[in-house]
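[1] Okay, sequence plus prediction incoming.
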Amino acid sequence: MNTSLSRTAEVIRNKYGELLTLEEVAEVFRYKTVAAVRKAHSRKTLPVNLYRFKGRAGYFARAEDVAKSIENMNPS
């Protein structure tokens, strides 16, 4: 893992923890609503994978995946 990715992952973990809720995913990736995140997920255009965990309601994204996605974005 490179230093930039390590730093990004650390910032995300410090703010959100290891798992991000859909609300937090919307905040990080600047989606207007959670519904927009769900739609992107169903269209397979969301930049991270979402996971469900037994005993936990809803979907979650891993902080590591979010950091990698941010680092891999090309500035335009």
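    Received it, and whenever you're ready, just let me know what you need.

[2] Now do the same contact list for the residue nearest in space to the middle of the chain.
    For the chain, Val66 is the residue whose C-alpha lies nearest the centre (CA atoms, centre = their mean; 3.9 Å). Shown in contact with Val66 (CB atoms under 8 Å, 6 or more residues apart in numbering): Ile12, Leu20, Val25, Val28, Val48. For every residue, glycine as well, the C-beta is placed using N, CA and C.

[3] Are there helices or strands packed against the host helix or strand of the first one, and which ones?
    Mapping Ile12 onto the secondary structure by DSSP states H and E places it in helix 3-16. Using 3 or more CB pairs under 8 Å, 6 or more residues apart in numbering; DSSP states H and E as the contact criterion, the secondary-structure elements in contact with helix 3-16 are helix 22-28, helix 63-72.

[4] re the thing from before, the contacts of Val66 into JSON lines, with extra columns for distance to Lys39 and neighbour count?
    Below are the contacts of Val66 laid out as JSON lines (distance: CB to CB, whole Å; neighbours: other CB atoms under 10 Å):
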{"residue": "Ile12", "distance to Lys39": "23", "neighbour count": "22"}
{"residue": "Leu20", "distance to Lys39": "17", "neighbour count": "25"}
{"residue": "Val25", "distance to Lys39": "12", "neighbour count": "24"}
{"residue": "Val28", "distance to Lys39": "17", "neighbour count": "20"}
{"residue": "Val48", "distance to Lys39": "15", "neighbour count": "22"}
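
[5] Turn those residues into a markdown table, including pLDDT.
    Shown next, in a markdown table, are those (pLDDT from 0 to 100):
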| residue | pLDDT |
| --- | --- |
| Ile12 | 96 |
| Leu20 | 97 |
| Val25 | 98 |
| Val28 | 96 |
| Val48 | 97 |
